[in-house]
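J.: Got a sequence here, can you model it:
(chains A and B, ligands or ions: 2)
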Amino acid sequence: MTLPAMGDPAGPILELRGIRKQYGRLAAVDDVSLELRHGEFLTFLGPSGSGKTTTLMLVAGLQQPDSGRIILAGKPVDRLPPYKRDIGMVFQHYALFPHMTVRRNVAFPLEMRGTPRAEAERLVSAALAMVGLPDHGDRLPRQLSGGQQQRVALARAMVYRPALLLMDEPLGALDKALREGLQLEIKRLHREQRMSVLYVTHDQAEALTMSDRIAVFDEGRIQQIGTPSELYERPATRFVASFVGETNFIPGTVLGRDGDACRIAVAGVPMLASDRFSAQPGTRVTLAIRPERLRLSAAGEGVPAELVDLIYLGNARRYVLRLPDGTEWSALLQAGMADAATLRHGDAVRLTWEAAHATAFPG
Amino acid sequence: MGRWRLLRALVCALVGIYLVAPLVVVLIISFSSASFLRFPPPGYSLRWYENLVRDPAWMDAVWVSIQILVPTALLSTALGTAAALALIRGRLPGAGFVGAALMAPLVVPSIITSAGLYIAYRGLGLNGTLAGMVIGHVVVTLPCVIATVGSALRSLDPRLEAAAATLGATPAAAFRRITLPLLAPAVLSSMLFAAVLSFDELIVSLFVGSARLRTVPVQMWSNIRGDFDPTVAAIASLCFLVALIALALEALLRRRNGDRE
Ligand SMILES: Nc1ncnc2c1ncn2[C@@H]1O[C@H](COP(=O)(O)OP(=O)(O)OP(=O)(O)O)[C@@H](O)[C@H]1O
Ligand SMILES: [Mg+2]
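T.: Ligands and ions are numbered 1, 2, ... in the order given. Prediction:
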């Protein structure tokens, strides 16, 4: 049941312009702007209470923004009630209608749209087949497992081909194995059906796996929006660096500039890092370096450290390193990288990195 | 341990006997062959049940009660359900005050409510009319409906209605297709309760009724005060049976509802 994507493929399917929602004195959503392209899978990632659900509710029309504009498929929808917006929504706890069979649940949106009966029957069967539940149509939701219920919710939200599919932590209530299976399945459906998707999660691994782009939320604001690799490789803020992936945060002091890079004293040793602000000499900064970007050598240049622990992970090794000032860093080396394989507990090592892989943040 | 369990069983049995004994006594007396109240009866017969069926005063009372309880149950359920929806889902200014006023008959002594009705009806000419009786019964059965439907409504997941809205359902369609079917068991059981309460209601019926408009409890009341014979026991046993059936129906409904959740 692949149909061409709706609307004008040239413009964005969804546009948020400076939307804001206040609960009492708390700004749950604070000046959020973004564009969702046709067929794009965009994920809202952020800690609990950062405004992800509220933003989704505003897009769905279940909440009204205090200010800002919401433009869906080229039309402003600010004053449109949810049932007139062309969206589908999957809730964290499925929200299946308990008194209707699976088929009736999936047929519900078609019925509301006055789809002819025969056509509706066909679409429902196709949607149930699509989510792998062709033989469960006559069951009631409570007779299904959590994963099956979530598939039904997915079929119900997709059966009428809404211009935009919203999913609020759809896998949050499922166990890990089931979650990973369904992640791939949702990804496959997104690809096959060419749907535009806004997805919410607070699981960074899930966000990295599934998304075309990720918007990182904190305290009601978008901290950074970009592809998974942009967020991972070039975090815009310290918060993004800490929330997406694992990071060493290392204090240092700016010494001066060196071409595009910034010269920074780390534990007394001059090192290079990239920065997004023009740091003045003497400024205290924090470097963010991914564990797999740290290089270890037994001698030579670099920051001196002591190897205090070595953890064997099968396909990789984790090195726990202590600096003279007592801070601990973590380094990750893929198996087969011979250079550090001979190191043992208590060995003195030197740490280095490439300037592009260390990002300096103020403070 | 064993001693405690014995004690507990004993206490439960005593409480049970205390609660059920009067009912049993009435039940037995209703089959008495004597024309006076005596326990245990000297012999057994069905004469008081016969008397009940033959006596037009009793049959009229049963008919009046039915004429009141049917519209009362329907009206009270419709109004109570609407009130519960407005109080819980609506954005009514002063909802707390309105809710308290509607629930008042539960805490205000029945005799005060009844006297109030009587006085209000005088100007309206409603005393001694069926309509007045129904309105009075609705007033006193409404709290039970509001409480029953209200608690069901509170436990209804609001996300279901939100989901229906995102799927294209107008508020009216969402109510008809989602909210109402899910509330149906509570609505039906509150209708049963309203019917039983109306059937049992004495004080409002005493105040608002008339010599020609006598419900079963009013007839029992005047019978007990006048020539007192075991016919009262027979009608009481029948009332008990009716209440028992209603309770069983309600339990059945609840069971089916439990299956569904
Ligand atoms: N209806 C409401 N009334 C008052 N405050 C609210 C309401 N809904 C959300 N909030 C507040 O707004 C903030 C953002 O909430 P939101 O539900 O959007 O967070 P979230 O990012 O979805 O979090 P989670 O990951 O826990 O679901 C929170 O501080 C929350 O307490
Ligand atoms: Mg949320």
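J.: Is A:Leu16 in a helix, a strand, or coil?
T.: strand (DSSP: H, G, I helix; E, B strand; the rest coil).
J.: ok, it touching A:Leu42?
T.: No - in this structure, A:Leu16 is not within contact of A:Leu42 by C-beta atoms under 8 Å, at 10.8 Å. Yep, even glycine has a C-beta here, placed from its N, CA and C like the rest.
J.: tell me, what's touching these two both at once?
T.: A:Leu34 (C-beta atoms under 8 Å, 6 or more residues apart in numbering or on different chains).
J.: and the two? which has more neighbours close in?
T.: A:Leu16 (24 against 19; other C-beta atoms under 10 Å in any protein chain shown).
J.: So B:Trp221 versus chain A, what's the distance?
T.: To chain A, B:Trp221 is 44 Å away according to C-beta to the nearest C-beta, to the nearest Å.
J.: looking at it, that residue is touching B:Ile203, isn't it?
T.: No - judged on C-beta under 8 Å, B:Trp221 makes no contact with B:Ile203 at a distance of 9.6 Å.
J.: Can you pick out the residue with more neighbours from the two?
T.: A side-by-side neighbour count of B:Trp221 and B:Ile203, using other C-beta under 10 Å, places B:Ile203 first with 20 against 17.
J.: Distance-wise, check that one relative to chain A.
T.: 40 Å.
J.: who's in contact with that residue?
T.: B:Ser110, B:Ile111, B:Thr113, B:Ser114.
J.: Which residues of chain A lie near ligand 1?
T.: Counting by C-beta under 6 Å from any ligand atom, chain A comes close to ligand 1 at A:Tyr23, A:Leu26, A:Ala28, A:Gly46, A:Ser48, A:Gly49, A:Ser50, A:Gly51, A:Lys52, A:Thr53, A:Thr54, A:His202.
J.: Weed out the non-buried ones from those residues.
T.: A:Ala28, A:Gly46, A:Ser50, A:Gly51, A:Lys52, A:Thr53, A:Thr54, A:His202 (16 or more other C-beta atoms under 10 Å in any protein chain shown).
J.: a strand runs through the first one, doesn't it?
T.: Yes - remark: A:Ala28 belongs to a strand, assigned using three-state DSSP.
J.: how long is stretch A:17-35 end to end?
T.: Terminal residues of stretch A:17-35 lie 9 Å apart, using C-alpha to C-alpha, to the nearest Å.
J.: buried residues in that stretch?
T.: So, applying 16+ other C-beta under 10 Å, buried residues of stretch A:17-35: A:Ile19, A:Arg20, A:Lys21, A:Ala27, A:Ala28, A:Val29, A:Asp30, A:Val32, A:Leu34, A:Glu35.
J.: go on, stretch B:111-127?
T.: B:Thr113, B:Ser114, B:Leu117, B:Tyr118, B:Tyr121, B:Leu126, B:Asn127.
J.: Mind picking the one among those residues that's closest to chain A?
T.: Distances from chain A to these, taken as C-beta to the nearest C-beta, are shortest for B:Thr113 (37.4 Å).
J.: that's a helix at the closest one, yeah?
T.: Yes - under three-state DSSP, B:Thr113 sits within a helix.
J.: Look at it and report its pLDDT.
T.: pLDDT recorded at B:Thr113 is 93.
J.: The closest residue in space to it that isn't next to it in sequence: what's it in contact with?
T.: Distance criterion C-beta to C-beta, 6 or more residues apart in numbering or on different chains; nearest residue to B:Thr113, sequence neighbours excluded, is B:Pro105 at 5.1 Å. By C-beta under 8 Å, 6+ apart, the residues touching B:Pro105 are B:Thr113, B:Val139, B:Val140, B:Leu142, B:Pro143.
J.: and B:Arg8, what element?
T.: helix B:2-30 (DSSP states H and E).
J.: Quick one: mean pLDDT over that helix.
T.: Helix B:2-30 comes out at a mean pLDDT of 89.
J.: Who are the packing partners of it?
T.: helix B:231-260 (3 or more C-beta pairs under 8 Å, 6 or more residues apart in numbering or on different chains; DSSP states H and E).
J.: moving C-terminal of the helix holding B:Arg8, what's the next helix or strand?
T.: Remark: after helix B:2-30, the chain's next helix or strand is helix B:47-54, criterion DSSP H and E.
J.: Helix B:231-260 and the helix or strand just after that next one, what's the angle between them?
T.: Going down the chain from helix B:47-54, the next helix or strand is helix B:56-88, by DSSP H and E. Put simply, helix B:56-88 runs at 30 degrees to helix B:231-260, going by axes from the mean of the first three to the mean of the last three C-alpha atoms, to 10 degrees.
J.: Extract the C-alpha trace of whichever helix or strand comes after helix B:56-88 and format it as PDB.
T.: Of the helices and strands lying after helix B:56-88 in sequence (DSSP H and E), the nearest is helix B:95-103. C-alpha atoms of helix B:95-103 as PDB (Å, rounded to 0.1, in the frame of the first residue of the first chain):
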ATOM      1  CA  ALA B  95     -18.200  23.300  39.400                       C
ATOM      2  CA  GLY B  96     -17.300  22.500  43.000                       C
ATOM      3  CA  PHE B  97     -20.300  24.400  44.300                       C
ATOM      4  CA  VAL B  98     -22.700  22.900  41.800                       C
ATOM      5  CA  GLY B  99     -21.400  19.400  42.500                       C
ATOM      6  CA  ALA B 100     -21.800  19.900  46.300                       C
ATOM      7  CA  ALA B 101     -25.400  21.100  45.700                       C
ATOM      8  CA  LEU B 102     -26.200  18.100  43.600                       C
ATOM      9  CA  MET B 103     -24.700  15.700  46.200                       C
END
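J.: which helices and strands does helix B:95-103 pack with?
T.: helix B:56-88, helix B:130-154.
J.: can you list those helices in JSON lines and add mean neighbour count and mean pLDDT?
T.: As requested, the helices and strands packed on helix B:95-103 are exported to JSON lines (neighbours: other C-beta atoms under 10 Å in any protein chain shown; pLDDT from 0 to 100):
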{"stretch": "helix B:56-88", "mean neighbour count": "19", "mean pLDDT": "94"}
{"stretch": "helix B:130-154", "mean neighbour count": "22", "mean pLDDT": "94"}
